[in-house]
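Q: Okay, sequence plus prediction incoming.
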Amino acid sequence: MIVVDASVAVKWFLIEPETSGAVQVADKILRGADVFAVPELFYYEVFSVVMRKHNEPSRWAKSGMTWLLNLPLQRMPISADLAIEMADFTARGLTGYDAAYAALAYRNGGRWLTYDETARKMLASPAWIISSLD
């Protein structure tokens, strides 16, 4: 399982340094190359960031958000057990949002795909946190 972070998904809609790598991730998701999962908060996070940065936010909300919601991503709800794992990650310095991605990946023996270097460094860059699918 690969847990996709909002930091990757916003690059599908905004031209930023990692956009080409993020587009490759979207292609792999669409091809069903692996199991890709996200916590429910993923959609809210992407919406919030893109609405602030996009040059046509209302237009994007109609088309881009529809596209995002239709991607074959496995949506993972929060549970009491996941919240306990998240608390451990927040105690190590992650935000509550980042802790959700980290806990989901760690708990399921998966990998967390993120472009957030600060979060990676807070956890001492373990092998299960990745910045590409190469």
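A: Okay, I see it.

Q: and whichever helix or strand residue 97 is part of, which residues are buried?
A: Element membership for residue 97, per DSSP states H and E: helix 96-107. Across helix 96-107, burial judged by 16 or more other Cβ atoms under 10 Å covers 97, 98, 99, 100, 101, 102, 103, 104, 105, 106, 107. Using the backbone N, CA and C atoms, a C-beta is placed for each residue, glycine as well.

Q: my guess is the third one meets residue 89, correct?
A: So that's residue 99. Yes: using Cβ atoms under 8 Å, residue 99 is in contact with residue 89, at 3.8 Å.

Q: Overlap in contacts, the two.
A: Common contact partners of residue 99 and residue 89 (Cβ atoms under 8 Å, 6 or more residues apart in numbering): none.

Q: Can you get me a residue count around the residue nearest to residue 26 when sequence neighbours are not counted?
A: In this structure, residue 26 finds its nearest non-sequential neighbour in residue 12, 5.4 Å apart by Cβ to Cβ, 6 or more residues apart in numbering. Using other Cβ atoms under 10 Å, residue 12 is surrounded by 18 other residues.

Q: who touches residue 12 in this structure?
A: Applying Cβ under 8 Å, 6+ apart to residue 12 gives the contacts 19, 22, 23, 26, 64, 68.

Q: Make sure the first one is actually in contact with residue 9.
A: No: with contact defined as Cβ under 8 Å, residue 19 does not count as touching residue 9 (11.2 Å).

Q: how about low-confidence regions in this protein?
A: Within the chain, no stretch has pLDDT under 70.

Q: could you show me where the helices are in it, in order?
A: For the chain, applying DSSP state H gives helices covering 6-9, 19-31, 41-53, 57-69, 80-91, 96-107, 117-122.

Q: I'd like to know which of these lies nearest to residue 133.
A: helix 19-31 (6.0 Å; Cβ to Cβ).

Q: mind listing what's buried in that closest one?
A: 21, 22, 25, 26, 29.

Q: who's in contact with the second one?
A: Put plainly, it is residue 22. With contact taken as Cβ under 8 Å, 6+ apart, residue 22 is in contact with 8, 9, 11, 12, 115.

Q: hmm, try it at 10 Å
A: By Cβ atoms under 10 Å, 6 or more residues apart in numbering, the contact set of residue 22 is 4, 7-14, 16, 113, 115, 132.
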